[in-house]
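S.K.: Need a 3D model of the following:
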Amino acid sequence: MDCSYCKKLEKYDFGDFIMETTHWIIFLAPQQSNIGTCVVALNRHESDLSGLTREEWLDFGELVREMEETLKKCFDVTLFNWGSLMNASYLKETPDPHVHWHLIPRYDHAVEFEGLVFEDIYFGTMKPRPFRGLPDDVRREIINFIKANHPR
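M.R.: Have a look, this model is predicted:
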């Protein structure tokens, strides 16, 4: 991430850069208990969904279609949960929310990747998933696999 805007996003710890569209930046999230979990952040500062432009919404719709198709192809995802949860910004003394989406693939089966097994132990429930970090080399392989299967 060489641009100054991307460097600003580092403070949010959205994860590792995968790719970008005209209006959105896609990151592999730090939390990988469900393989392929991503964060999709707007590529300009905006703190409210109501501040998105028509073009940003249209680009987001295309991104949803492409990412869901890609992750299904990569990991045989059963379904997707999308959420825009910016409330953690208000835990800071000076809140600075940024429009972003959590893309959480859900699985009704185990997924094997790079010798690791990923099980969605709370599939079908709203329970929080236990945190699962991954070694950098496995994260890079996931990113490369997503890129190789993405239509852009």
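S.K.: low-scoring stretches of this structure, by residue?
M.R.: When residues are selected by pLDDT under 70, those of the chain lie in 1-12, 88-92, 95.
S.K.: before we move on, what SS does residue 129 have?
M.R.: Taken by DSSP: H, G, I helix; E, B strand; the rest coil, the conformation at residue 129 corresponds to coil.
S.K.: now the one 10 residues further on
M.R.: In three-state terms, and counting by three-state DSSP, residue 139 is helix.
S.K.: And for it, the neighbour number?
M.R.: The criterion is other C-beta atoms under 10 Å. On that basis, residue 139 has 17 neighbouring residues. Every residue, glycine included, has its C-beta placed from N, CA and C.
S.K.: gap between it and residue 32?
M.R.: Counting by C-beta to C-beta, to the nearest Å, the separation of residue 139 from residue 32 is 8 Å.
S.K.: mind checking the longest strand of the protein?
M.R.: When the chain is scanned for its longest strand (criterion: DSSP state E), the result is strand 100-106.
S.K.: contacting residues around it?
M.R.: Residues lying outside strand 100-106 but in contact with it, judged by C-beta atoms under 8 Å, 6 or more residues apart in numbering, are 12, 14, 29, 34-42, 60, 67, 71, 75, 77-86, 120, 123.
S.K.: Now, of those, which are buried?
M.R.: By neighbour count, with 16 or more other C-beta atoms under 10 Å, the contacts of strand 100-106 hold 12, 14, 29, 34-42, 60, 67, 71, 75, 77, 86, 120 as buried.
S.K.: hang on, the earlier thing: could you point out which element follows the longest strand of the chain?
M.R.: On the C-terminal side of strand 100-106, the closest following helix or strand by DSSP states H and E is strand 111-113.
S.K.: Show me what that next one pairs with in its sheet, parallel or antiparallel.
M.R.: Take DSSP bridges as the rule and strand 111-113 pairs in its sheet with strand 116-118 (antiparallel).
S.K.: ok, residues contacting the strand it pairs with?
M.R.: Counting by C-beta under 8 Å, 6+ apart, strand 116-118 makes contact with 32, 33, 34, 35, 107, 110, 111, 112, 132, 134, 138, all of which sit outside it.
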